[in-house]
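J.: I would like the atomic coordinates for the input below:
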Amino acid sequence: MSSHRKRLIDDEPSRSTSGKRQQHSSPSPSRRPSFPSYLDIPNLPPKIRLLCEILATSTSIESSLNDFGIRISANDVEEVLKLSYSYPAAAVKFFRWSGPRLHHQHSPYSWNLVIDILGKNLLFDAMWDAVASMKSEGLLSVATYASIFSSFAAASRPADAIAAFESLLHKHGIPQDTTALNSLLSALCREGFTLAALEFIRRSRLGIPLDSDSYAILLEGFENERNYRSARELFDEMILGIGWDPSNVPAYDSFLNIVLCHDGGGLYESLKWLAKLTEKRCFPGIKFIGKAIDECVKLNDERTAILLWNSLVGRNGCLPNTELCNSMISLYCNLNQLDAAYRFFDDMVFYGAFPDARTYNLMLPLLINNKKLNEVHLLLNEMVKNEFVPSSVICDATMKLLLDSGDWEIALKVWKIMIENGIAGEQIGNLLIARLWYGNQLPEACKYAEDMIDKGIKLQSSTLSKLRRGLQPLGKSHIYDNILSKWKKVSSDQVL
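T.: Coordinates of the predicted model:
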């Protein structure tokens, strides 16, 4: 690799403590991100896994890489770097080692990964050296600086991120336009520095215009920080600056969420703002709809929930997801309106949403309370086929309902589901045997009693007594003796 690239990083780097443009202390270790590891990736190609392992474990990176004689491509370098954030020195050595093997034609993405690895590990001096090398190669881009902004913001150094932005044009020839500004805003707002971002915009003399994305980023930042006052001022500035824009859904979504969560606002205040937006043919996104309907569920406010659903779902491509459908189902379950809940349940697939475990766990108690035995069984079967495990509470309630009604056939099918999913318990198992005995289903009672013992489910002595009283008058004491023998053996094994 040519000499100007050798300054990328020292062999044993240390983190910057007084590095270039540093004005804030480094974050505490608890703020450090959790980096992806090659150990967490299933089915990783063997070559990539081997290279990652060398970087993670070898004390002599170049020698180990040479010993294996691995042929690499630009794509291989990218994949290895993405999984080597925890080993910055090794990652850069690998990057330098691979240069000659790629005819010094590293991809811009590989360079940006190196910048990101160094920045995320607080190696800011080395990061700027790498930036200088990139500049000499003519590879610097807004994406490079987006990484730099992100690293400084993640390190709780917003002033350094802003200083990096201010150096874009005169030091590195990158235009200070709205796209670059939005990269800075995104990095700052993501880490909780929305006010710092807004203050920079207001005092800046660069004259960079804000677009709808700029306002959406800032409003989302204030949403995350629950800063109603600043969001309210910014919203007014946005309307004055770019007007009402129906395509600016993320900004409206964040603003309405801020109003919804504000102590002085709440659901009905957000609905007033929604009415104002609607007059301008502007609408929020799925996030606000979901949170607002969740508030309706807490208040059992069916009318407002339906109003929100009918007025917003389907607009601007806003189709309900599983979570939103679950909220509506939850509302009707609370109101014990089975038909309405079933309507939303059945309509989910038409929106491209599919039931999850919560959907079934909402619907099943409603069906149980309304004694819809066949529907309970069908829904349990569907739930299991979709690889969701029903809760033991729901299955216990289902079994009690079925046994009380004498529906042995469905009860035994539900019991099978419980056995297969490891949620069959002692209480319901003994109740099943007792009810089969009461219902003159003695052969079935004996069969399932033996099965319970085999599965390690405790058979109570009172249940055994019922079986004995049923079998002895029929001259079938030997069946009872066999069950009792199994029971004693299992009991003695458990004691041992």
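
J.: right, and Leu139 touches Pro108 too?
T.: Yes - checked against C-beta atoms under 8 Å, the pair Leu139 and Pro108 is within contact range at 4.9 Å. The C-beta positions use only the backbone N, C-alpha and C, and glycine is treated the same way.

J.: Do you have the helices of the stretch 351-496 of the chain handy? List them.
T.: Listed from the start of the chain, the stretch 351-496 of the chain has helices (DSSP state H, counting those that start in this stretch) covering 357-369, 373-385, 392-405, 408-420, 426-438, 442-454, 461-471, 477-495.

J.: For the ones you listed, give me JSON lines that also has distance to Asn248.
T.: Compiled in JSON lines, these are given as follows (distance: least, C-beta to C-beta, whole Å):
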{"stretch": "helix 357-369", "distance to Asn248": "32"}
{"stretch": "helix 373-385", "distance to Asn248": "40"}
{"stretch": "helix 392-405", "distance to Asn248": "43"}
{"stretch": "helix 408-420", "distance to Asn248": "49"}
{"stretch": "helix 426-438", "distance to Asn248": "55"}
{"stretch": "helix 442-454", "distance to Asn248": "62"}
{"stretch": "helix 461-471", "distance to Asn248": "67"}
{"stretch": "helix 477-495", "distance to Asn248": "66"}
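
J.: Looking at those helices, spot the one closest to Leu195.
T.: Each of the helices of the stretch 351-496 of the chain has some distance to Leu195 by C-beta to C-beta; the shortest is helix 357-369, at 36.7 Å.

J.: Please identify the buried residues of the closest one?
T.: Neighbour-count burial for helix 357-369, with 16 or more other C-beta atoms under 10 Å as criterion, is recorded at 359-368.

J.: any idea which of the residues you listed is the one closest to Ala424?
T.: Leu364 (16.9 Å).

J.: so how far is Glu375 from that closest one?
T.: Per C-beta to C-beta, to the nearest Å, Leu364 is found 9 Å from Glu375.

J.: again with Ile433
T.: Here Ile433 is placed at a distance of 26 Å from Glu375 (C-beta to C-beta).

J.: between the two, which one's more packed in?
T.: With other C-beta atoms under 10 Å as the criterion, Ile433 and Glu375 differ in neighbour count, and Ile433 comes out ahead with 24 against 17.

J.: doesn't Pro250 make contact with Ala216?
T.: Yes - proximity of Ala216 to Pro250 meets the contact threshold set by C-beta under 8 Å, at 4.0 Å.

J.: Comparing those two, which shows the higher neighbour count?
T.: Ala216 (22 against 18).

J.: Can you report how many residues neighbour the nearest residue to Ser73 once chain neighbours are set aside?
T.: Residue nearest to Ser73 in three dimensions, not counting chain neighbours: Leu102, with 7.6 Å by C-beta to C-beta, 6 or more residues apart in numbering. Around Leu102 there are 15 other residues, counting by other C-beta under 10 Å.

J.: now Leu102: how far from Arg202?
T.: Going from Leu102 to Arg202 by C-beta to C-beta gives 46 Å.

J.: ok, now Gly173?
T.: From Gly173 to Arg202 the distance is 27 Å (C-beta to C-beta).

J.: Equivalent analysis for Ile457, please.
T.: With distances taken as C-beta to C-beta, Ile457 is found 69 Å from Arg202.

J.: Skip the chain neighbours and tell me the closest residue to Ser141.
T.: Taking C-beta to C-beta, 6+ apart as the measure, Ser141 lies nearest to Pro108, with 6.7 Å between them; neighbours along the chain are not counted.

J.: Quick one: residues contacting the one you found.
T.: Neighbouring residues of Pro108 by C-beta atoms under 8 Å, 6 or more residues apart in numbering: 139, 141, 143.

J.: which ones are touching the first one?
T.: The neighbours of Leu139, taking C-beta under 8 Å, 6+ apart as the test, are 108, 111.

J.: In three-state terms, label it for me.
T.: For Leu139, the assignment made with DSSP: H, G, I helix; E, B strand; the rest coil gives coil.

J.: if we can go back for a sec, which one of the buried residues of helix 357-369 is nearest Lys447?
T.: Checking the buried residues of helix 357-369 one by one against Lys447 (C-beta to C-beta), the nearest turns out to be Ile368, at 26.3 Å.

J.: Can you verify my assumption that that closest one contacts Cys395?
T.: No - taking C-beta under 8 Å as the contact criterion, Ile368 and Cys395 are not neighbours in contact, 10.2 Å apart.

J.: burial measure for Lys489, as a count.
T.: Other residues near Lys489 number 11, with proximity taken as other C-beta under 10 Å.

J.: and what of Trp97?
T.: The burial count assigned to Trp97 is 17, neighbours taken as other C-beta under 10 Å.

J.: Mind pulling the model confidence for the spatially closest residue to Arg71 that is not a sequence neighbour?
T.: Leaving aside its sequence neighbours, Arg71 sits nearest to Arg101 (C-beta to C-beta, 6+ apart; 7.7 Å). Confidence per residue is given as pLDDT, and for Arg101 that number is 92.

J.: quick one: Arg101 from Val77, how far?
T.: Distance from Arg101 to Val77, by C-beta to C-beta: 9 Å.

J.: what's the answer for Gln460, then?
T.: 66 Å.

J.: of these two, who's got more company?
T.: When Gln460 and Val77 are compared for neighbours, Val77 comes out ahead with 25 against 15, by other C-beta under 10 Å.

J.: Now that one: phi and psi?
T.: When read as degrees, to the nearest 10, the backbone of Val77 gives phi -60, psi -40.

J.: how about the closest residue in space to Ile423 that isn't next to it in sequence, what does it touch?
T.: The spatial neighbour of Ile423 that comes closest, neighbours along the chain excluded (C-beta to C-beta, 6+ apart), is Ser392 at 4.2 Å. The neighbourhood of Ser392, defined by C-beta under 8 Å, 6+ apart, consists of 418, 423, 425.

J.: which residues does Leu402 contact?
T.: The contact partners of Leu402, taken as C-beta under 8 Å, 6+ apart, are 373, 376, 408, 410-411, 414.

J.: The residues you listed: which two are farthest apart?
T.: Within these, Val376 and Trp408 form the most distant pair, 14.8 Å apart (C-beta to C-beta).

J.: So between these two, which is more surrounded?
T.: Taking neighbours as other C-beta under 10 Å, Val376 and Trp408 compare with Val376 leading, 25 against 17.

J.: Give me the pLDDT value at the closest residue to that one other than its chain neighbours.
T.: Closest residue to Val376 apart from its sequence neighbours, by C-beta to C-beta, 6+ apart: Leu367 at 4.8 Å. Among the per-residue scores, Leu367 holds a pLDDT of 92.
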